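>>> coords please:
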Amino acid sequence: MNNNDTGSDPMAALAPLRAQIDELDRQLVQLLAARAKVTAEVGRVKQQHALPLYVPQRELALLKARRAEAEQAGVSPELVEDVLRRVMRESYQTQEAGFVCCRPQGGKVVVVGGAGALGARFVSLFQRSGYEVVVLEHNDWERAADLVQNACLVLLAVPIHVTAQVIGQLPPLPKDCVLADLTSIKAEPLAAMLAHHQGPVLGLHPMFGPDISNIVKQVVVVCHGRAPEQYQWLLKQFNVWGAVLTEKEARQHDELMQMIQAMRHFSSLVYGVHLAEEQADLQQLLELSSPIYRLELAMVGRLFAQNAELYADIMLSSVAVTGLLQRYQHRFNQLSHLLAARDKAGLMAEFAKGQQFFGELAPQFLQESRRLLQKASDERS
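A predicted model of the protein is given here:
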């Protein structure tokens, strides 16, 4: 048949196919609703038995099985995994309406700085877990001794630069009360807590900000202080909330944070300020950007949507950061000289150093970034 036949109506031919798609989509919505009811029940059972919200082995096994089924059905395994990961992220939220209290006798939790963004997040989590929660702010110090009476946990969620000072101001705590902090440096606060309180002490660093919807799969670094057997209930509570706990010695944590936080934030700061000084047109940059550059620009822009004092404190948290950044600047200058000299061989030799260092992780990162870039491309308007 001639494709130019004026009697053919492409819209009429598409109409019944689109109707089929609409019906299948409606069925998908109903299936998702049914799945959500089941996962809500799963969450209820988990909370009843104080089981972790996030079980990585179960998630991986589920994804592996569905990928195999997708291949047999002639459907892209990557598509099925993408859909399921998004569905599972939603299901974790349906499972966290309420949490079990992991301390059998319950108790009072005092959050120092609980009116702040991160402190308020933990106030909510402890309240939803059945604890009595009291917030201690700077204008409450006259009542601090009364507020900490009978507390099972005093949790510090205050800015880095005042953490040691606040620890020193705390009134005497019950001997079995856990004293813990959420500061992004650990050695100094942990030492201050150990000196101030003779009971159980624990250093915590949540590797997330207050803008997340839940803490499922979020890393929380644990730095042990004193009497760990007395704060196992607290670590179990984090597991029930879905967090991934990673143990580090305090000084090792601080050294790693110089790379993970201070150096990365400083690099983003310099790049963002450079764009501002160059009076770059952000809208045109976005218009012409590939997904990977859009993500990079988003990560830089994200920094400037945060609290300036917090990030200044992170970058100033250790004198060792200065030496690290000076070495970084030296290497930047070295490579800049190669670029200015148009030394292609020299640039490729430096590239080879990076390839050797990243080794087998490089293709893994390539695969992970490819998935992120596909999502960024899907969301582009």
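
>>> hmm, who's touching stretch 161-172?
In this structure, residues lying in contact with stretch 161-172 by CB atoms under 8 Å, 6 or more residues apart in numbering are 112-113, 141, 144-145, 148, 154, 156, 158, 179, 181, 183, 188-189, 192-193, 196-197, 313, 316. Just so you know, the C-beta spots here come from the backbone N, C-alpha and C atoms, and that holds for glycine as well.

>>> and if we set it to 7 Å?
112, 141, 144-145, 148, 154, 156, 158, 181, 183, 188-189, 192-193, 196, 313 (CB atoms under 7 Å, 6 or more residues apart in numbering).

>>> and the two most separated of those residues?
Using CB to CB, the contacts of stretch 161-172 span at most 28.4 Å, a distance reached by Ala145 and Asp313.

>>> how about the longest helix along the chain: buried residues?
If you go by DSSP state H, the chain has its longest helix at helix 10-48. Applying a neighbour-count criterion of 16 or more other CB atoms under 10 Å, one finds 36, 39, 43, 46-47 buried in helix 10-48.

>>> And for stretch 232-239?
In stretch 232-239, counting by 16+ other CB under 10 Å, buried: 233-239.

>>> pretty sure His205 is touching Val222, no?
No: using CB atoms under 7 Å, His205 is not in contact with Val222, being 8.3 Å away.

>>> Just give the nearest non-adjacent residue to Ala191, would you?
Setting aside the residues directly before and after it, Ala191 is nearest to Ala250 in space (CB to CB, 6 or more residues apart in numbering), at 8.0 Å.

>>> again with Ala115
The shortest distance from Ala115 to any non-neighbouring residue, by CB to CB, 6+ apart, is to Glu137 (5.3 Å).

>>> Which secondary structure state does Val154 sit in?
strand (DSSP: H, G, I helix; E, B strand; the rest coil).

>>> out of everything not next to it in sequence, what's closest to it?
Residue nearest to Val154 in three dimensions, not counting chain neighbours: Val110, with 4.7 Å by CB to CB, 6+ apart.

>>> Next up, identify which helix or strand the one you found is on.
strand 108-112 (DSSP states H and E).

>>> Could you check the angle the helix or strand that that strand is followed by makes with strand 108-112?
Following strand 108-112 in sequence order, the next helix or strand is helix 117-128 (DSSP H and E). Interaxial angle, helix 117-128 versus strand 108-112 (axes from the mean of the first three to the mean of the last three CA atoms, to 10 degrees): 170 degrees.

>>> Give me the buried positions along helix 117-128.
Here helix 117-128 shows 118-123, 125-126 as buried, counting by 16+ other CB under 10 Å.

>>> Walk me through the domains of this protein.
With domains defined by automatic domain parsing, the chain comprises 20-94, 108-248, 253-378.

>>> And the shortest one, end to end?
Start to finish, the residues bounding domain 20-94 are 30 Å apart (CA to CA, to the nearest Å).

>>> 547 is where my numbering starts, stick with that
Yep, numbering from 547; the last one is domain 566-640 now.

>>> what is the mean pLDDT for that domain?
Confidence for domain 566-640, expressed as mean pLDDT, is 90.

>>> ok, back up a step: now flag whichever of the buried residues of helix 663-674 is closest to Glu801.
Leu664 (22.9 Å).

>>> mind checking how far the closest one is from Arg810?
19 Å (CB to CB, to the nearest Å).

>>> And Pro735, by the same measure?
As judged by CB to CB, Pro735 and Arg810 stand 21 Å apart.

>>> Would you mind telling me which of those two has the busier surroundings?
The residue with more neighbours, out of Pro735 and Arg810, is Pro735; 28 against 16, by other CB atoms under 10 Å.

>>> How confident was the prediction at the more buried one?
96.

>>> give the contact list for it.
With the criterion set at CB under 7 Å, 6+ apart, Pro735 makes contact with 709-710, 713, 727, 729, 749.
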